[in-house]
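Trainee: when you get a sec, could you give me coordinates for this:
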Amino acid sequence: MIRFTLYSRGYCHLCDDMLAALNALQTGTVRFTVEVIDVDADPALVARFDELVPVLFGDPSQPELCHYFLDLAAVRGYLATFDVLI
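Mentor: Numbers count the residues shown, from 1 in each chain. This next block holds a predicted model:
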């Protein structure tokens, strides 16, 4: 299963917009999960991501794919590693 991790916060319209844009890429043949993590629930995450949210990762051990706005090229590149094209 393809997974994304979105570092977000509850009152962030950019976070909502990024999640909606990412989910809009799903089709009958392109499926993935998105784990949404509230940075405000963990002081270490606030220290790391505070003003950058939303921050999107494919593989959390790799560099971020994008922050603030969905980078479609970066998401496509990540999906291509799974032989998925959008």
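
Trainee: and the residue positioned nearest the centre of the chain, what does it touch?
Mentor: Among the residues of the chain, Leu56 comes closest to the average C-alpha position under Cα atoms, centre = their mean, at 2.9 Å. Leu56 sits next to 4-7, 18, 22, 64-67, 70-71, 75 when contact means Cβ atoms under 8 Å, 6 or more residues apart in numbering. To be clear about C-beta, it is placed using only N, CA and C from the backbone, and glycine gets the same treatment.

Trainee: the helices in this structure, which residues?
Mentor: Assigned by DSSP state H, the chain shows helices spanning 13-23, 43-49, 72-80.

Trainee: list the helices and strands the first one packs on?
Mentor: It refers to helix 13-23. Packing contacts for helix 13-23, counted by 3 or more Cβ pairs under 8 Å, 6 or more residues apart in numbering; DSSP states H and E, involve strand 3-8, strand 33-38.

Trainee: who does the first one pair up with?
Mentor: Right, strand 3-8. Here strand 3-8 has these sheet partners by DSSP bridges: strand 33-38 (parallel), strand 55-57 (antiparallel).

Trainee: about what we covered before: distance check, the spatially closest residue to the residue nearest to the centre of the chain that is not a sequence neighbour against Met1.
Mentor: Leaving aside its sequence neighbours, Leu56 sits nearest to Leu65 (Cβ to Cβ, 6 or more residues apart in numbering; 4.8 Å). Taking Cβ to Cβ, to the nearest Å as the measure, Leu65 falls 17 Å from Met1.

Trainee: appreciated, that's everything.
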